[in-house]
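J.: kindly return the folded structure for what I paste below:
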Amino acid sequence: MGRWRIDLLATEPAEATASGLSRAVWELAAALVDRGHAVRVLFPADEPAERPAHRGVTAVAVPTIGTSRRPFGRDIAIGKNASELLDPSADLVIGNDEKAGALTLPKGAGGRKPVFAMLVHDVALHTFETLRPLEPDRGWRQKVGNFLDRRTLRRLETTALNRARLVIVASELNRELLRKYYDVPPARVALLPHGVPDPLDVGTKDEARAALKLPRDVPVVVFIGRNPERQGRDIALEAYRRIRVFFPGARCLVLGSTVKVEPGVSSLGVVDEATKARALKAADVFLFPARYEGFGLAPREAMRYGVATVVSRNVPFDGAKPGETVRVVTDEDPGAYASELAELLADPALRRRVGEAGRLYADDYSYAKMAERFEGLFVPILGAPT
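T.: The predicted structure follows:
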């Protein structure tokens, strides 16, 4: 077989870099193109139009027409619409969330269908059962809605997982969750971490701070999270408030979402890649107290910038050395995070050691390395590319 023809599904267009997991799909696709494969990425678009290629990856806009009000109606419509746009001559189709449960694989020459596989960023049913109980109780309508949502989500994930020739997880945690929720046979599950972007050159730490209007000589803590309840923004902010008593000039940058104005906190919201890079370059400590995380892309990005990183025990760090590579807090007590922050901020030598160990660990997650590992997973199924 020659180089493979691959269709990948993403949740956002290439330019929507706020979604780290969608970006991971696009960058993996580009790295596979660099290895000679023909790759297309299909993504939802309310206004479908022809899009330019992204680093050699063909961009295919999937219309969102046909959305209904039933549970996951938009996801089901997107999955069905994507089915019409899949390449019948593809060797491999990769789904990546519950939308894949609504896909129909095309038939190519001789009735042949592409091999189907799943990239499992998160086990959505586990995310559902972890986060829905955190919502305010709104009565019986909410309970009925949750029941219907859960039933539909389970059906969609079950359909996609049962169809997949190979299920790719980004962490051992998700391998275990697949076993727990869906009893997926271990032989069909393979580990492939998400790629982590190479650091951008945004100048020195002082230059990054100047661009963000931060003083040169104060401690800076950074939190990045587009899903604040899930990723523990409230815990991060409370931990920051507690350490500010001892470090009165400290600043906290919040990216990915917005918060109320309070002393020392800068809420940047959703930012472009250059601004995010400056925030990480400016940081002394990166804080990520996630209540659930299937991989942990944001902390690994921070680690590639050499930032000492503090995470919850819910962030899987396969192969890392807790305490040396990354600092891990074992409960949701903001005081425990404040203690880790205070220790790191008070000891520059410790910060440098943890930051450098983290950088060495995270450097092994480059997209180029992940594309090579991806190829190795499918050689037994598709044959070696030539």
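J.: please count neighbours and contacts with C-alpha atoms only from this point.
T.: Noted.
J.: and residue 156, that's in a helix?
T.: Yes: counting by DSSP: H, G, I helix; E, B strand; the rest coil, residue 156 falls inside a helix.
J.: contact partners for it?
T.: Residue 156 makes contact with 98-102, according to C-alpha atoms under 8 Å, 6 or more residues apart in numbering.
J.: which members of the residues you listed are positioned in helices?
T.: Judged by DSSP state H, helices contain none of the contacts of residue 156.
J.: so which of those residues comes closest to residue 353?
T.: Closest approach to residue 353 among the contacts of residue 156 (C-alpha to C-alpha): residue 98, at 40.6 Å.
J.: help me confirm that the closest one comes into contact with residue 152.
T.: No: counting by C-alpha atoms under 8 Å, residue 98 does not reach residue 152; the two are 9.5 Å apart.
J.: start to end distance for stretch 46-57?
T.: Stretch 46-57 has an end-to-end distance of 21 Å (criterion: C-alpha to C-alpha, to the nearest Å).
J.: how about residues contacting that stretch?
T.: Residues contacting stretch 46-57 (C-alpha under 8 Å, 6+ apart): 14, 26, 29-30, 33, 38-41, 58-65.
J.: just the buried ones from these, in PyMOL syntax?
T.: A single PyMOL command selects the buried members of the contacts of stretch 46-57 (16 or more other C-alpha atoms under 10 Å):
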select buried, resi 14+26+29+30+33+38+39+40+41+58+59+60+61+62+63+64
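J.: among the contacts of stretch 46-57, which ones are in helices?
T.: 26, 29-30, 33.
J.: possible to save these as a markdown table with pLDDT and distance to residue 195?
T.: Shown next, in a markdown table, are these (pLDDT from 0 to 100; distance: C-alpha to C-alpha, whole Å):
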| residue | pLDDT | distance to residue 195 |
| --- | --- | --- |
| 26 | 93 | 10 |
| 29 | 96 | 11 |
| 30 | 96 | 11 |
| 33 | 96 | 15 |
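J.: between those, which sits nearest residue 347?
T.: Proximity of these to residue 347 was ranked by C-alpha to C-alpha; the top entry is residue 26 with 38.5 Å.
J.: ok, back up a step: and the contacts of residue 156, which two are the farthest apart?
T.: Greatest spatial distance among those (C-alpha to C-alpha): 98 and 102, at 7.8 Å.
J.: who has more neighbours out of these two?
T.: The neighbour comparison of residue 98 against residue 102 (other C-alpha atoms under 10 Å) goes to residue 98, with 26 against 21.
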